[in-house]
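[1] build me a model:
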Amino acid sequence: MKEFTILDGGMGTMLQKQGLAPGEHPERMSMEQPAVVTEIHRAYHAAGAEIVYANTFGANARKLAGSGMSVADAVTAGIHAAKAAGGARVALDIGPTGALLAPMGELTFGEAYDMFAEMVRAGVTAGADLIAIETMSDPYEVKAAVLAAKENSTLPILVTMTFEAGGRTFTGCPVAALGVMLDGMGVQAVGVNCSMGPEGLYPIVEELARWTSLPLIVKANAGMPHPETGAYDIGPDQFAEQMARFPGLGVTYLGGCCGTEPAHIQALSEKLAGLSPAARAATPPAALCTATEAVLLSDIHVVGARMDVAGVDADDLIDLAYDRMDEGAELLVLAADGADADGFASAGCALQAAVRLPLVLDAAAPAVLDAGLRAVSGRAMAGPVADMAQLEASLPVAAKYGAAVWVDSALDRETVRTLADACGVRDVVTDSGMDGASERTFVRI
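    Below you'll find the predicted structure:
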């Protein structure tokens, strides 16, 4: 049984060596000089890469606007150039849109989803073997990309974000939130790319391993570029030596990012030949997260009284949330009583833009619950579920978004667990305590 999957190295820096001008769309090289791109992929495969990332990183409608290239043409050319190299599996490479999503920016979640979905459909048609979502900094944008991949293809999905030295992305997302959000969303592996060299990434990956049971990915830079020459400061042997620490954390997908070349991947492949990944815990702790915070359910003891959405405008809802927080709430319950799907989704978006506490979405109708879970960033919890009929309706929706589920303590635990396992929902919890903002203890079933 093969223990590691070797990924390729940097594409942008390799294209620059082949004449890519500053500010030029890299995707144009796939269309106008496909043999050059194919040779880069071939060199990476010869160095040991089993998965190569197609030259499609920026092939979304926003970045290609005004270039004269369509998304379909750029994606198709990129996939075909990679396929022509032969041997390795080809990933449709999806990078960020280049715009901030609301509430930080003006791009809506739906608009981002549509851009990613267009890329995914083109990638499927062109023959991509899997999808690699990389260099992301906003978990909300990650969620849009993952849903676009899941809902428009059946391909395996790899996801990596880029972090700063302090362990957060530039939008403020902590490492823990990445693991918590993606652990149940149906992706095949999760990790980090770009950011910095292997040594700088080590504590970030060490933290990530605590929060997810998914296979881990590391695609590190070859150190940092020189401010004047642009040359990266870690050579192939040093890169391989530093990357060799990651199997000790259980990492199984390893490759390079900016500044790495086929020689780096060759050295890494040879170094890994004598190593094995460490065993990891099969089940991470039950947790929720927002875009900027992650919290263990075992650390939550005060749940705010339900906040009904129907007939309440966004400002009043936010004021009510602050009242709950003043009362000591560590978890907010948003109730859909009387609200339709659009109203419930809008309320969730408004609330997450104003407060950092994780959310419980209380909606008996599956379509309304679906809209709410889709709209919020991070990982929310569905519930509280009062009976088996509601549980059977809620579990498939929770599974789609990787949400946790809160059930009434009176429900039979064995039956609850059986139903949850059948739907693929791991984190089903019950609690002790009374209604309202009262002391509780959450326990995983």
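
[2] next one: the longest helix anywhere in the chain to chain centre, how far?
    For the chain, the helix that runs over the most residues, judged by DSSP state H, is helix 109-126. Its chain's C-alpha centre and that of helix 109-126 lie 16 Å apart, by Cα atoms, centre = their mean, to the nearest Å.

[3] what comes up buried for that helix?
    109, 111-113, 115-124, 126 (16 or more other Cβ atoms under 10 Å). From N, CA and C alone the C-beta is placed, and that goes for glycine too.

[4] same question, stretch 126-141
    For stretch 126-141, the neighbour count (16+ other Cβ under 10 Å) marks 126, 128-141 as buried.

[5] report the mean confidence score over that stretch.
    For stretch 126-141, mean pLDDT is 98.

[6] now the end-to-end length of that stretch.
    End-to-end distance of stretch 126-141 (Cα to Cα, to the nearest Å): 24 Å.

[7] confirm that residue 218 sits in a strand.
    Yes: assessed by DSSP: H, G, I helix; E, B strand; the rest coil, residue 218 belongs to a strand.

[8] what is the neighbour count of it?
    28 (other Cβ atoms under 10 Å).

[9] separation between it and residue 131?
    Applying Cβ to Cβ, to the nearest Å, the value for residue 218 to residue 131 is 18 Å.

[10] what sits closest to residue 138 if chain neighbours are left out?
    With Cβ to Cβ, 6 or more residues apart in numbering as the criterion, residue 138 has its nearest non-adjacent residue at 4.6 Å, and that residue is residue 171.

[11] quick check: that neighbour is in a strand.
    No: using three-state DSSP, the secondary structure at residue 171 is coil, not a strand.

[12] low-confidence regions, this protein specifically.
    Scanning the chain for pLDDT under 70 picks out the ranges 1, 433-438.

[13] quickly list the domain ranges of it.
    The chain breaks down by automatic domain parsing into domains covering 5-272, 287-444.

[14] return the set of buried residues in stretch 17-30.
    Within stretch 17-30, the residues that qualify as buried are 20, 25, 26, 27, 28, 29, 30, counting by 16+ other Cβ under 10 Å.

[15] ok, now stretch 417-424?
    Within stretch 417-424, the residues scored as buried using 16+ other Cβ under 10 Å are 419, 420, 423.

[16] of the residues you listed, which belong to helices?
    When DSSP H defines the helices, the subset of the buried residues of stretch 417-424 inside them is 419, 420, 423.

[17] can I assume residue 85 is in contact with residue 52?
    Yes: using Cβ atoms under 8 Å, residue 85 makes contact with residue 52 at a distance of 6.9 Å.

[18] looking at these two, which is more packed in?
    Neighbours of residue 85 and residue 52, each counted by other Cβ under 10 Å, are more numerous for residue 52; the result is 29 against 20.

[19] tell me the spacing between that one and residue 40.
    Counting by Cβ to Cβ, the gap from residue 52 to residue 40 is 9 Å.

[20] same thing with residue 122?
    Taking Cβ to Cβ, one finds residue 122 at 21 Å from residue 40.

[21] now residue 344
    47 Å.

[22] who has more neighbours out of the two?
    Per other Cβ under 10 Å, whichever of residue 344 and residue 40 has more neighbours is residue 344, with 29 against 25.

[23] which helix or strand contains the more buried one?
    According to DSSP states H and E, residue 344 maps onto helix 341-354.

[24] how about residue 318: what's its closest non-neighbour residue?
    With Cβ to Cβ, 6+ apart as the criterion, residue 318 has its nearest non-adjacent residue at 4.5 Å, and that residue is residue 354.

[25] any idea how many residues pack against residue 386?
    Residue 386: 14 surrounding residues under other Cβ under 10 Å.

[26] now the phi/psi pair for it, please.
    phi -90, psi -20 (degrees, to the nearest 10).

[27] same question for the one 10 residues further on.
    Note on residue 396: its backbone torsions stand at phi -60, psi -30 [degrees, to the nearest 10].

[28] so who does it touch?
    When contacts are counted by Cβ atoms under 8 Å, 6 or more residues apart in numbering, residue 396 touches 366, 423.

[29] again, only this time at 6 Å
    Applying Cβ atoms under 6 Å, 6 or more residues apart in numbering, we find residue 396 in contact with residue 423.

[30] that one and residue 200, how far apart?
    To residue 200, residue 396 is 41 Å away according to Cβ to Cβ.

[31] ok, residue 275 next?
    21 Å.

[32] next, count neighbours for residue 320.
    As a burial measure, residue 320 scores 17 neighbours (other Cβ under 10 Å).

[33] how close does the residue lying closest to residue 336 once chain neighbours are set aside get to residue 319?
    Residue nearest to residue 336 in three dimensions, not counting chain neighbours: residue 363, with 3.7 Å by Cβ to Cβ, 6+ apart. To residue 319, residue 363 is 22 Å away according to Cβ to Cβ.

[34] the two: who's more crowded?
    Taking neighbours as other Cβ under 10 Å, residue 363 and residue 319 compare with residue 363 leading, 25 against 12.

[35] what sits against that one?
    By Cβ under 6 Å, 6+ apart, residue 363 lies in contact with 336, 369, 372.

[36] quick one, strands of the stretch 101-250 of the chain?
    Using DSSP state E, counting those that start in this stretch, the strands found in the stretch 101-250 of the chain span residues 130-136, 157-161, 189-194, 216-220.

[37] would you reformat those as a markdown table and include distance to residue 58?
    Output for these, formatted as a markdown table (distance: least, Cβ to Cβ, whole Å):
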| stretch | distance to residue 58 |
| --- | --- |
| strand 130-136 | 10 |
| strand 157-161 | 16 |
| strand 189-194 | 14 |
| strand 216-220 | 17 |
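
[38] thanks a lot, see you next time.
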